[in-house]
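**Q** just the structure for this:
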Amino acid sequence: MMLSREREVSKPDDTLLAQDRWMDRATLMALWNEPVRLFRLANLLRKERCGDEVSFVINRNVNFTNRCVGSCRFCAFRRSDGYILTEEEILERVAAAERFSATEICIQGGLAPGLVLEDYCRILEAIRENFPRMHLHAYSPMEVFYMSKNSGITPEDSIKELKRAGLGSMPGTAAEILVDRVRMEICPSKLTTAEWRDVITTAHGLGVPTTSTMLYGHVESLEDRINHLLLLREIQADTGGFTEFVLLPFMSGNNSLGPMSQRLSHLDNLKMHALARVALHPLIGNIQASWVKLGRDLAGRTVLWGTNDLGGTLMEENISRTAGAVEAECMTPAQFRDLIERNGRVPVQRTTLYGRV
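**A** Predicted structure coming up:
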């Protein structure tokens, strides 16, 4: 049973917005300046789409390398002389996750020099052989783009081989802000908006679902954020392949972009989660808050204004932590349930693809 209800959406009686104008750019810009109206609408749409259930997944991150040839200005994780986990070290982490009752392994890493498709497939094959029931949620569009270029093949061919190796779904990270002017400023060596879209839609076309994300609160404008949301909405209307949308507030520690960042307030973060619910309704039904980046208390408050998912237990989190996140690396299922119930919602454990456990 899917957690997000697929049913016809009725128009809220206490709003002045016609349904066919909810996604209009100007209307979304205006809503940002009317937070009471924005929060009311987001909460209505959340309740209509998801009811009062708030979900979480028991998973583990495996950041298999921090070596990277990239030049992203927001990154505090990459190192030129960092680590690459061995197969044995990766399997030890997966074994620990299985003992923790995890249903998902999320695999991402830096763009280590010389990595090719075979290297990425080998990781998936080793885990699938030893832990066949574990869902493998792996490799961002940038990683797929990188492995394809290094291997002299297309992203489509790479995704086909990854799927044969055990890939179940992909994280829709490396999106940052899907506006090329912004991307040239914050991640000039990364794939372009069109290239990100091509990898994502190719994955969807091959039956590989993905998440979608946004990194916000650095040098982008509100209009840039809205353009990003509307692009995701357009992709979802074409493919239906996004399982969720994850908001990622920029972490300003230990990176060159930090001094230029916007220093988001709690209200800014709550408004952004609410705006995402309104902008993506009803096509992307699952809106996720990042407890690692927001902190547990603020992440819990977002369920009052539009979100219906708080992500995963993680067990290990290196990327946000190196950029200044102060949360512990793991949140237990009991802690998820307590946080959700304290905010008046019903906790539900889910799978990666939003089925019930």
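
**Q** so how far is the top helix by length along the chain from its chain's centroid?
**A** In the chain, ranked by residue count with DSSP state H as the criterion, the top helix is helix 222-239. Mean-position distance between helix 222-239 and its chain equals 14 Å (CA atoms, centre = their mean, to the nearest Å).

**Q** also stretch 39-52?
**A** How far stretch 39-52 lies from its chain's middle: 20 Å, per CA atoms, centre = their mean.

**Q** mind listing what's buried in the longest helix of the chain?
**A** 224-233, 235-236, 239 (16 or more other CB atoms under 10 Å). For every residue, glycine as well, the C-beta is placed using N, CA and C.

**Q** stretch 132-140 now?
**A** Those buried within stretch 132-140 under the rule 16+ other CB under 10 Å are 134, 135, 136, 137, 138, 139, 140.

**Q** and the helices in this structure?
**A** Listed in chain order, the helices of the chain (DSSP H) span 25-32, 35-50, 87-99, 117-130, 141-151, 155-165, 180-186, 193-205, 222-239, 266-280, 291-294, 296-302, 319-322, 333-342.

**Q** run a quick neighbour tally on residue 285.
**A** 26 (other CB atoms under 10 Å).

**Q** same question for the one 3 residues further on.
**A** For residue 288, the count of nearby residues is 27 (other CB under 10 Å).

**Q** report the contact partners of residue 184.
**A** Residues near residue 184 by CB atoms under 8 Å, 6 or more residues apart in numbering: none.

**Q** separation between the closest residue to residue 114 other than its chain neighbours and residue 117?
**A** Spatial nearest neighbour of residue 114, excluding adjacent residues (CB to CB, 6 or more residues apart in numbering): residue 150 at 7.1 Å. Computed with CB to CB, to the nearest Å, the distance linking residue 150 and residue 117 is 8 Å.

**Q** neighbour count for the two, which is higher?
**A** More crowded of residue 150 and residue 117, by other CB under 10 Å: residue 117, with 21 against 16.

**Q** and the pLDDT for the closest residue to that one other than its chain neighbours?
**A** Computed as CB to CB, 6+ apart, the closest residue to residue 117 that is not its neighbour in sequence is residue 151, at 4.3 Å. We have a pLDDT of 98 for residue 151.

**Q** next, count neighbours for the closest residue to residue 131 other than its chain neighbours.
**A** In space, and not counting its chain neighbours, residue 131 is closest to residue 94: 5.4 Å by CB to CB, 6+ apart. Number of residues near residue 94 (other CB under 10 Å) recorded here: 21.

**Q** got the contact list for residue 94?
**A** 60, 62, 105, 127, 130, 131, 134.

**Q** now residue 140
**A** Residues near residue 140 by CB under 8 Å, 6+ apart: 108, 170, 171, 172, 173, 174.

**Q** roughly how far does the last one sit from residue 232?
**A** Summarising the geometry, the distance separating residue 174 from residue 232, computed by CB to CB, is 14 Å.

**Q** how close does the closest residue to residue 220 other than its chain neighbours get to residue 65?
**A** The shortest distance from residue 220 to any non-neighbouring residue, by CB to CB, 6+ apart, is to residue 177 (4.6 Å). Remark: distance between residue 177 and residue 65 (CB to CB) = 25 Å.

**Q** which of these two has more neighbours?
**A** Shown here are residue 177 and residue 65; by other CB under 10 Å, residue 177 has more neighbours (23 against 18).

**Q** pLDDT score for residue 11?
**A** Looking at residue 11, its pLDDT is 38.

**Q** any stretches of the stretch 1-150 of the chain with poor pLDDT?
**A** Applying pLDDT under 70 to the stretch 1-150 of the chain picks out residues 1-22.

**Q** how about a cut-off of 80?
**A** For the stretch 1-150 of the chain, the stretches flagged by pLDDT under 80 are 1-23.

**Q** cool, and the stretch 201-350 of the chain?
**A** Applying pLDDT under 80 to the stretch 201-350 of the chain flags the ranges 253-255, 258-259, 261, 316-329.

**Q** try 50 this time
**A** 323-325 (pLDDT under 50).

**Q** now, which of the contacts of residue 140 lie within strands?
**A** Those of these mapping onto strands are residue 108, per DSSP state E.

**Q** between which two of the contacts of residue 140 is the distance greatest?
**A** Farthest pair in those (CB to CB) is 108 and 172. Separation: 11.4 Å.

**Q** so these two - more neighbours on which side?
**A** Neighbours per residue (other CB under 10 Å) separate residue 108 from residue 172, with residue 172 holding more: 26 against 21.

**Q** the more buried one contacts residue 199, correct?
**A** No: assessed by CB atoms under 8 Å, residue 172 is found out of contact with residue 199, at 9.5 Å.
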